[in-house]
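Undergrad: Compute the structure for the input listed below.
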Amino acid sequence: MAAYNAWQNGSLMSAADTLTEAARQEDRAAFFGSIQRTFSHLLWADTLWMSRFDRWDKPAGGIAESVQFVEDWDQLCALRADADAMIRNWAKKLDEGAVEGRLAWHSGALGRDVEKPLAVCITHFFNHQTHHRGQIHAMLTAAGARPGDTDLFAMPEAP
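TA: Residues are numbered from 1 along each chain as shown. Down below sits the predicted model:
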């Protein structure tokens, strides 16, 4: 899933890069408004989850501020690529035993402490990305961009 995540983020960001800044920023009535704001939220959320999984620095702010986590497009693209590489490296180190156990944290979204099986949290991490990338894909298509294939079985072999 980490390889799929990186492939899809690269594909969608490349498609978004063909648009003007105004087109990326345009409010398209999606949950986070624009293409760029949704990408920013995704990077923020990935960073937050990786702070729990792999001790990354926890990002500032909450969900409302996540859309402004990275406002510069070029910086967002670079940080997304870096994060995807680090997520892949983290995932490569996991074995079956590494996902056993539970994860406890304070959820700002729920406003309370939460404890869940680690495997469920990792599944949520990748599912959350897929959910918002689907929104981005729809916005890109509506804007006239042409994102690549999203089928898991069509994913190129990892280098």
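Undergrad: Can you tell me the closest non-neighbouring residue to the most centrally placed residue in the chain?
TA: Ranked by distance to the mean C-alpha position of the chain (CA atoms, centre = their mean), the top residue is Leu42 at 3.6 Å. Once flanking residues are discounted, Leu42 sits nearest to His132: 5.1 Å by CB to CB, 6 or more residues apart in numbering. For every residue, glycine as well, the C-beta is placed using N, CA and C.
Undergrad: same thing with Gln135?
TA: Ala30 (4.9 Å).
Undergrad: just checking, Arg76 touches Leu42?
TA: Slight slip there: residue 76 is Leu, not Arg. No - using CB atoms under 8 Å, Leu76 is not in contact with Leu42; the gap is 9.8 Å.
Undergrad: Quick check: neighbours shared by these two?
TA: When CB atoms under 8 Å, 6 or more residues apart in numbering defines a contact, no residue borders Leu76 and Leu42 alike.
Undergrad: Run through who's touching stretch 135-145.
TA: Stretch 135-145 is contacted from outside by 12, 15-16, 18-19, 23, 26, 28, 30-32, 34-35, 38-39, 42, 146-147, 150, using CB under 8 Å, 6+ apart.
Undergrad: Turn the buried ones among those residues into a named PyMOL selection, would you?
TA: To isolate the buried ones among these in PyMOL, judged by 16 or more other CB atoms under 10 Å, type:
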select buried, resi 12+15+16+19+23+26+28+30+32+34+35+38+39+42+147+150
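Undergrad: average pLDDT across the host helix or strand of Gln36?
TA: Assessed by DSSP states H and E, Gln36 sits inside helix 35-53. The average pLDDT for helix 35-53 rounds to 97.
Undergrad: residues of it that come out buried?
TA: Neighbour-count burial for helix 35-53 flags 35-50, 53 (criterion: 16+ other CB under 10 Å).
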